[in-house]
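> Pasting the sequence and the predicted coordinates here, then a few questions.
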Amino acid sequence: MVIPLRNQTADKPGRDEGTPLRYGATWGEGAACAADARRALRALLSRALRTGSTAVPTALAVDAELAASELVTNAVRHAPGPCGMTLQLSSDELTITVWDSSTEKPAAKKADPRRIGGHGLHLVHTVSDRVVVALRETGKRITAHLPLTPNRSTTGLGEIALPG
């Protein structure tokens, strides 16, 4: 079930500027895909621009799309049952949380350019400030934290402007 972004974000008149923008989606078994995750992220970042919330550097937006894609793809590939994603954009950080029904703790594999596949979690760690795995009785939740600090390395392309 995907709830439209306009029904989730706090962009109503009179809202507190410090209130983070949020988005959440849940998918039934086999219904999630990386393209949905990227589309949701782009929609959230576009909403942020339109509402004057938080400017997101282009490099961060690209990294965030990669992280969201990899986390959702891993949930679909390695966990039976439903999964979901929550995005939160505050003034200092973007978090991408994906939950699934597997209780197995994921482990990033060492980089190996000869290996096909198995690079996703390593990539998520590379583009994130930190990655937190929380095991639960019914599955796990993985959260990638991407800071919006000016010290973050960027491609020099400026802020991302997404069509809305």
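In hand now; what should we look at? Residues are numbered from 1 along each chain as shown.

> Would you map the helices across the chain?
Using DSSP state H, the helices of the chain run over 34-51, 58-78, 120-127.

> Which stretch among these approaches residue 89 most closely?
In terms of C-beta to C-beta, the element of the helices of the chain nearest to residue 89 is helix 34-51, at 5.6 Å. Any C-beta I mention is one placed from the backbone N, CA and C, and that applies to glycine too.

> any idea how far the most centrally placed residue in the chain lies from residue 88?
Central residue of the chain (C-alpha atoms, centre = their mean): residue 96, 3.1 Å from the mean position. Distance of residue 96 to residue 88, given as C-beta to C-beta, to the nearest Å: 8 Å.

> residues in contact with the residue lying closest to residue 95 once chain neighbours are set aside?
With C-beta to C-beta, 6 or more residues apart in numbering as the criterion, residue 95 has its nearest non-adjacent residue at 4.8 Å, and that residue is residue 88. With contact taken as C-beta atoms under 8 Å, 6 or more residues apart in numbering, residue 88 is in contact with 20, 21, 22, 23, 94, 95, 97.

> Quick check: residue 88 vs residue 77, distance?
Look at residue 88 and residue 77: by C-beta to C-beta, they are 24 Å apart.

> Can you list the residue ranges for strands in this protein?
Along the chain, counting by DSSP state E, strands occupy 21-27, 83-89, 93-100, 130-136, 139-147.

> wait, which of these is closest to residue 114?
That would be, of those and by C-beta to C-beta, strand 130-136, which comes in at 24.6 Å.

> counting contacts, what elements does the closest one pack onto?
helix 120-127, strand 139-147 (3 or more C-beta pairs under 8 Å, 6 or more residues apart in numbering; DSSP states H and E).
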